[in-house]
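Enquirer: return atomic coordinates for the entry below.
(one chain, ligands or ions: 1)
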Amino acid sequence: MSSTEDNNLPKELEVKEYEFSGHPLKITMFKGAFLGVAAYVWGPGLALCRYFEDEKINFTGKKLLELGSGTGIVGILAVLLGGNVTMTDRPYVLKQIEYNVSANIPVRYRHRLIIRALAWGDDQESFAADYDIILGSDIVYCPMQFPSLLQTLLHLCKDNTIIYLSSDVKYREGSAQFHDELVLELFNSELIHTTGSNCIYKMTKKVVGDEH
Ligand SMILES: C[S@@+](CC[C@H](N)C(=O)[O-])C[C@H]1O[C@@H](n2cnc3c(N)ncnc32)[C@H](O)[C@@H]1O
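Expert: Modelled structure (predicted):
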């Protein structure tokens, strides 16, 4: 842990270092800033980053939106892998995302990045439904929020949008039921990768005529 002299930053910061797809990442967690779960790097986020690395994913030319970015590790990697990325979270988390973006994304790539507030169930209408890919890591953990999360996902998807959700299905309340039951009314869903209790699902919106 380290403290800082900068009055604009929380007093308690923790820095962790990672490397994915040849990109070193230095992620600062704003502990002591009352960000709750947003102030941590979670296993499902790391699992999704590792999946992008293993699959040699290149997002060049793709328009992505990330829900619940938290520290920003997944969205930052998506920018470094070539994507045009909108990173979102609740308003009070955006400062932490901006800080990590500044520390990890070279200025010459920043035109491919937007950081915006998006509270599920409330703000999605102000976003166009024209994303190629939606990302979400460890955002399935609070059953009370599942309806608003589904509403948001549904709004953001065009017919061929691909959603990658990475979830801890063992230790997150309701997560298994969300993926195995709730999403299936509205989305086609395929489990594409498992590491420990972290599962990565690839989803698309069900359209009229879908037989799945
Ligand atoms: C467990 S953290 C995961 C953070 C990051 N994606 C990761 O994998 O490390 C859940 C994230 O979802 C965000 N979140 C929770 N409820 C939300 C809501 N109703 N609207 C928008 N974001 C929300 C939190 O602020 C937090 O950043």
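Enquirer: which residues of this structure lie near the ligand?
Expert: Remark: the part of the chain in contact with the ligand comprises 37-38, 41-42, 44-45, 68-71, 74, 89-90, 93, 118-120, 137-139, 141, 145, using CB under 6 Å from any ligand atom. For glycine as for every other residue, the C-beta is placed from the backbone atoms N, C-alpha and C.
Enquirer: just the buried residues of those residues.
Expert: Of the members of the residues of the chain next to the ligand, the ones counted as buried by neighbours, 16 or more other CB atoms under 10 Å, are 38, 41-42, 44-45, 68-71, 74, 89-90, 93, 118, 120, 137-139, 141, 145.
Enquirer: Thr28 versus Gly45, what's the distance?
Expert: According to CB to CB, to the nearest Å, Gly45 and Thr28 sit 15 Å apart.
Enquirer: packing partners of the longest strand seen in the chain?
Expert: Using DSSP state E, we find that the single longest strand of the chain is strand 157-168. Contacts defined by 3 or more CB pairs under 8 Å, 6 or more residues apart in numbering; DSSP states H and E place strand 157-168 against helix 43-54, strand 131-137, helix 175-180, strand 198-205.
Enquirer: surely Val207 and Asp159 touch.
Expert: Yes. Taking contact to mean CB atoms under 8 Å, the distance of 5.1 Å between Val207 and Asp159 places them in contact.
Enquirer: enumerate the beta-bridge partners assigned to the most centrally placed residue in the chain.
Expert: Central residue check for the chain by CA atoms, centre = their mean: the C-alpha nearest the mean position is that of Gly136, 3.5 Å away. Under DSSP bridges, the beta-bridge partners of Gly136 are Leu67, Leu165.
Enquirer: okay if I get the helices and strands packed on strand 157-168 as JSON lines plus mean pLDDT?
Expert: As requested, the helices and strands packed on strand 157-168 are exported to JSON lines (pLDDT from 0 to 100):
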{"stretch": "helix 43-54", "mean pLDDT": "98"}
{"stretch": "strand 131-137", "mean pLDDT": "98"}
{"stretch": "helix 175-180", "mean pLDDT": "96"}
{"stretch": "strand 198-205", "mean pLDDT": "97"}
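Enquirer: can you give me the strands in the protein?
Expert: Counting by DSSP E, residue ranges of the strands within the chain are 14-20, 23-29, 63-67, 84-89, 113-117, 131-137, 157-168, 187-195, 198-205.
Enquirer: would you mark the buried spots in the fifth one?
Expert: Buried positions in strand 113-117, judged by neighbour count with 16+ other CB under 10 Å: Leu113, Ile115.
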